[in-house]
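**Student:** Sequence and predicted structure, then a few things I'm wondering about:
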Amino acid sequence: MPASGGESARPGGLDAPVAESVDPTETTHLDDPSDLSDPSRLPDARTRRRSTVALVTGVVLMNVSMVPAGTVGSLLASDSYGPAWSGVPGASGVVGTALGALGLSALMRTRGRRAGIRTGYAVATLGAVVGAVAVGAAVLPLLAVGMMLLGIGNGGAQLSRYAVADLHPADRKAFVLSLVVWGSTVGALVGPGLIAPAAHLSARAGIPPYAGTYVLAILTTGAALVVAGLLPRAGRGDPRNRERPRPGEVGRVLRLPAVRVALAGMVSAQLAMVAVMTMTPLQLHRHGQGLDVVGWVLSAHLAGMFALSPLSGRLTDRLGGRTVTSAGAGVLIGSAALAMAAPTSHTVGIPLALFLLGYGWNLCFVGGSAILSRELPAPVRSQVQGAVDAVVWGSSASAGLASGAVFAGGGYVLVAFVAGLIAVAPLVMLAASRPRPASPEGSS
């Protein structure tokens, strides 16, 4: 049916305005086949496929940039300033990711997903240039700035999962979203393997070996920026006419039961995962295991975090985000129990516990992300998603720091016990958010 007022209907796109007339106090239940997206406004199948490939590729390239840059940055900080400063580059990257999630999500609301993602990758490219200069001059504060700028781009890459969900119908959102999460696997596995070749090429070119990693990051973030240009542009219409959230609307939406469930699931999974993962190499080292065992255990953990992500997406589309989030919490609790029962078993116990730790995190992450992609009022959707991501990434830094103190006070078993307690939070929130049955008539 033609639009009134002489306007023609236009298909949706990543730069299309995120604006619909939806009461912020009401959300669509995840298991309801209806969705906030109007199928008639979705791009055609060819555009969806091209955009999905572009978004996944951008995430891969961003991870290939971030993982080696953080590793080399820590080594440089330790060599030049001492071991106490080795965590500064990584922490700067995490802070940048949280800031990117907040800032770029606000930009996406006014300018569209495509503009926000491209801006993030442009900032990341600048960060890689700053990092290369900082490594050449061995200046840690400048390197921290470069890592923070790279982190901002990583925040945009993380928001790509919501961008791809916007392009697909309700019954496919969780699966395509999980493909973007799965793309992190490639970057996490390929990135570290490029550190040595980049250093070798840098030495042959007469520049500091560590700088090669940041030269690589310039190329990969630049490529991500180019690939993001394949995303669909906005349809016709004046972007100044896009609806703005009413004062206090974001705060009200953040208090909705669906958002609280997603936030509890994603943050508790992040806290539990980072705490146990951070202390596991130290636990293995203290019990006489070498780097080969550490590498094998961490590989099992990464496989749990990312490799089965498409399965998590299928389950979420079929069962709903709340069910998958609660299942993820259960897997995290089981992982903590196994780590407590077999804290020195480097052949079966710890590898299996770390795999389950990763997959429990994945279930909570995909399930929570699906809730946020399908159950939020459109005028505030991108801002709430960015706020939740900022909290999730901010919790990573606190979990990494706190786990060391817990490990020092009570060992690996206490770390696992605390992680298990944290994983109970989404189950409590899910129980609290269930509607209470109405009392019988006439009861006093």
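**Tutor:** Alright, I've got the coordinates.
**Student:** only C-alpha atoms for contact and neighbour calcs from this point on.
**Tutor:** Fine.
**Student:** Please, where are all the strands along the stretch 201-350 of the chain?
**Tutor:** Taking DSSP state E, counting those that start in this stretch, the stretch 201-350 of the chain contains no strands at all.
**Student:** quick one: low-confidence ranges for it?
**Tutor:** Along the stretch 201-350 of the chain, segments meeting pLDDT under 70 span 234-251, 291-292.
**Student:** what helix or strand does Ile152 sit in?
**Tutor:** Applying DSSP states H and E as the criterion places Ile152 in helix 140-166.
**Student:** for Ser80, same thing?
**Tutor:** With DSSP H and E as the test, Ser80 turns up in helix 45-81.
**Student:** pLDDT of that helix, averaged?
**Tutor:** Averaging pLDDT along helix 45-81 gives 84.
**Student:** For that helix, list every residue counted as buried.
**Tutor:** Of all the residues in helix 45-81, those buried under the rule 16 or more other CA atoms under 10 Å are 47-48, 51-78.
**Student:** before we move on, what about stretch 222-235?
**Tutor:** For stretch 222-235, the neighbour count (16+ other CA under 10 Å) marks Gly222, Ala223, Ala224, Leu225, Val227, Ala228, Leu230, Leu231, Pro232, Arg233, Ala234, Gly235 as buried.
**Student:** Which stretches in the stretch 151-300 of the chain count as helices?
**Tutor:** 173-193, 195-205, 211-228, 249-254, 257-286, 291-302 (DSSP state H, counting those that start in this stretch).
**Student:** Can I get those helices in CSV including distance to Gly394?
**Tutor:** CSV is the format used below for the helices of the stretch 151-300 of the chain (distance: least, CA to CA, whole Å):
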stretch, distance to Gly394
helix 173-193, 19
helix 195-205, 27
helix 211-228, 23
helix 249-254, 17
helix 257-286, 9
helix 291-302, 20
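**Student:** do you know which of those helices lies nearest Pro310?
**Tutor:** helix 173-193 (5.3 Å; CA to CA).
**Student:** Report the buried residues of the closest one.
**Tutor:** Applying a neighbour-count criterion of 16+ other CA under 10 Å, one finds 173-192 buried in helix 173-193.
**Student:** Could you do stretch 286-299 as well?
**Tutor:** Going by neighbour count (16+ other CA under 10 Å), the buried part of stretch 286-299 is Val293, Val294, Val297, Leu298, Ser299.
**Student:** tell me the contacts of Ala272?
**Tutor:** Shown in contact with Ala272 (CA atoms under 8 Å, 6 or more residues apart in numbering): Leu332, Ala399, Val418, Ala419, Gly420, Ile422, Ala423.
**Student:** residues contacting the fourth one?
**Tutor:** Read it as Ala419. Ala419 makes contacts with Leu271, Ala272, Met273, Ala275, Val276, Ile333, Ala336, as judged by CA under 8 Å, 6+ apart.
**Student:** What is the most widely separated pair among those residues?
**Tutor:** Largest separation among the contacts of Ala419 by CA to CA: Ala275 and Ile333, giving 13.5 Å.
**Student:** What is the burial count for Gly410?
**Tutor:** Residues lying near Gly410 (other CA atoms under 10 Å) number 10.
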